[in-house]
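Student: everything below, folded, please.
(one chain, ligands or ions: 1)
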Amino acid sequence: MTDNLEEVKKKALNCTKCALAETRKNVVFGEGSLDARLMLIGEGPGATEDETGRPFVGPAGQLLDKMLKAIGLARNEVYIANIVKCRPPGNADPKPEYAAQCIGYLREQVRFVHPKIIVLLGRIAVQNLLKEQSGIGRIHGKVYERKGFIFIPTYHPSALLRNPELKRAAWEDFKIIRRLLEEFYAE
Ligand code: URA
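Tutor: Residues are numbered from 1 along each chain as shown. You can find the predicted model right below:
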């Protein structure tokens, strides 16, 4: 354990613990407010993220920004990270052994930011953080309390781009997130 997140980031930027280090252009550590009440966790960088070194800046990220805005949140008020910090070639699912090597960085991010609510974007985030095997179609919008955090699974924004008919259900999930934030932080 380190006592500041910049140290963790430095280690991640030089990481060669798995084979993704050989093909990545940039490590996508994650970014956002260190005081964020809400953290969002995706699966791993896509092509635009690999090019820029920033999470959720491609088409899925633009949709995510819109959904956040719809519940009154700017991107710089939340913290955004991924299960793996380097792009799996061809946007394949990150192999479990890559996730296992990488998850320590995410644990440190959660420890430093200490959000109240963690939104899990899609199946890979759910499998790695909740150890829940049910499909996202069954568990989206459910509230899980684990280790003092609230976890809420929802659809990955890429899934919403592929299947726009899921957007209505995702919007219901985001309304739950907004309501919980309002309840926790009511004056
Ligand atoms: N998809 C993800 O899961 N994460 C990103 O950062 C971008 C796309």
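Student: report pLDDT for the residue of the chain found nearest the ligand.
Tutor: With CB to the nearest ligand atom, the shortest gap between the chain and the ligand falls at G42, namely 2.8 Å. In this view, the C-beta of every residue, glycine as well, is placed from N, C-alpha and C. Looking at G42, its pLDDT is 98.
Student: for E187, same thing?
Tutor: 64.
Student: again with R168
Tutor: pLDDT recorded at R168 is 98.
Student: distance check, it against G141.
Tutor: 12 Å (CB to CB, to the nearest Å).
Student: which one's more surrounded, these two?
Tutor: Between R168 and G141, counted using other CB atoms under 10 Å, the more crowded position is G141 (17 against 9).
Student: apart from its chain neighbours, what residue comes closest to C102?
Tutor: Closest residue to C102 apart from its sequence neighbours, by CB to CB, 6 or more residues apart in numbering: V84 at 4.7 Å.
Student: that neighbour against A100, yeah?
Tutor: No. Under the criterion of CB atoms under 8 Å, V84 makes no contact with A100, lying 9.9 Å away.
Student: settle it for me: which of these two has more neighbours?
Tutor: It is V84, of V84 and A100, that has more neighbours when counted by other CB under 10 Å, with 28 against 14.
Student: hang on, the earlier thing: contacts only, for the residue of the chain closest to the ligand.
Tutor: G42 makes contact with P55, F56, A60, I80, A81, N82, I83, L121, G122, I124, A125, H156 under the criterion CB atoms under 8 Å, 6 or more residues apart in numbering.
Student: how far away is it from G104?
Tutor: Distance check for G42 against G104: by CB to CB, it reads 17 Å.
Student: same check on N163?
Tutor: In this structure, N163 lies at 33 Å from G104, with CB to CB as the measure.
Student: looking at those two, which is more packed in?
Tutor: For N163 and G104, the more surrounded residue by other CB under 10 Å is G104, and the numbers stand at 15 against 10.
Student: mind listing the residues bridging to the spatially most central residue of the chain?
Tutor: Geometric centre of the chain, nearest residue: I41, 1.1 Å, by CA atoms, centre = their mean. Judged by DSSP bridges, the bridge partners of I41 are A81, L120.
Student: quick check, it in contact with L120.
Tutor: Yes. Counting by CB under 8 Å, L120 is a contact partner of I41 at 5.7 Å.
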